[in-house]
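1. Fold the following.
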Amino acid sequence: GRRGILHIERDAGLGGPLQQKGAMVLQGWLSGTFARAYPLSFNVSITFEQSYGGVDGDSASLAELVAILSDLSRIPVRQDLAITGSMNQRGEAQAIGGAHYKIEGFFRTCAEAGTPDGGHGVAVPVANEKNLVLGGEVERAVADGTFAVYSMATIDDAVELFTGVPAGVADAAGVYPPDTVFGKVTARLDEYDRILTERETSV
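-> Numbers count the residues shown, from 1 in each chain. This is a model prediction of the structure:
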């Protein structure tokens, strides 16, 4: 398709203005990164499953973009990590509120499911580092290596943490290496554009 991001909360009237803005920022980053040679050629729908009330805030932006890039690149993401963070159209992670509550909440979830084994953790924007104060139990778990807190400066950091694959740096011609996440996304979008163009010109 050609629509890019379809945000179900926004279309259903359940998304607040900040949440809607976050979705539009994602569209801006995707266009600025992957639509320099041809228009974005995909549709993707985002929603908070089984959420029936209003949703607001943009602190899920990085998580949503990691999910989109994972889907387009066909590279799975780690399931032992949580992520929170807003982002701007340059892909820079921005500070969010309540970071310590989110970290401690995920830690409790892991503890209730079975003691964290060192693989579990939470990724937050680097801008939250200086004001981050965690409860004693979480602090001890981080100190002994059974739980981790990661900080991200950009979407590239998030992508590499969650996929284990380099995000990719474009060359002078704007081409990403094929063995990177962004390279695989570009290849997929190129394929989609080719298919759509063939269909549109054959009608």
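2. Lowest-scoring secondary structure element of the chain by mean pLDDT?
-> helix 8-11 (a mean of 71; mean pLDDT, DSSP states H and E).
3. In terms of secondary structure, what does that one contact?
-> helix 17-34, strand 43-46 (3 or more Cβ pairs under 8 Å, 6 or more residues apart in numbering; DSSP states H and E). Just so you know, the C-beta spots here come from the backbone N, C-alpha and C atoms, and that holds for glycine as well.
4. Show me the shaky parts of this structure.
-> Within the chain, the segments meeting pLDDT under 70 span 8, 14-19, 52, 54-57, 115-116, 203.
5. remind me, longest helix of it?
-> Counting residues, the longest helix in the chain under DSSP state H turns out to be helix 181-202.
6. Helix 17-34 and that helix, what's the angle between them?
-> 90 degrees (axes from the mean of the first three to the mean of the last three Cα atoms, to 10 degrees).
7. Could you tell me which residues within helix 181-202 count as buried?
-> 181, 182, 183, 184, 185, 186, 188, 189, 192, 193, 196 (16 or more other Cβ atoms under 10 Å).
8. what does that helix contact?
-> For helix 181-202, the external contacting residues (Cβ atoms under 8 Å, 6 or more residues apart in numbering) are 1-2, 33-34, 38-42, 69, 72-75, 159-160, 163, 165-168, 170, 175-178.
9. roughly how far out does it sit from the chain middle?
-> Remark: helix 181-202 is offset 22 Å from the chain centroid, using Cα atoms, centre = their mean, to the nearest Å.
10. again with stretch 86-103
-> 11 Å.
11. and the gap between residue 34 and residue 124?
-> Distance of residue 34 to residue 124, computed by Cβ to Cβ, to the nearest Å: 26 Å.
12. quick one: which of the two has more around it?
-> Neighbour totals were compared for residue 34 and residue 124, and residue 124 leads with 26 against 23 (other Cβ atoms under 10 Å).
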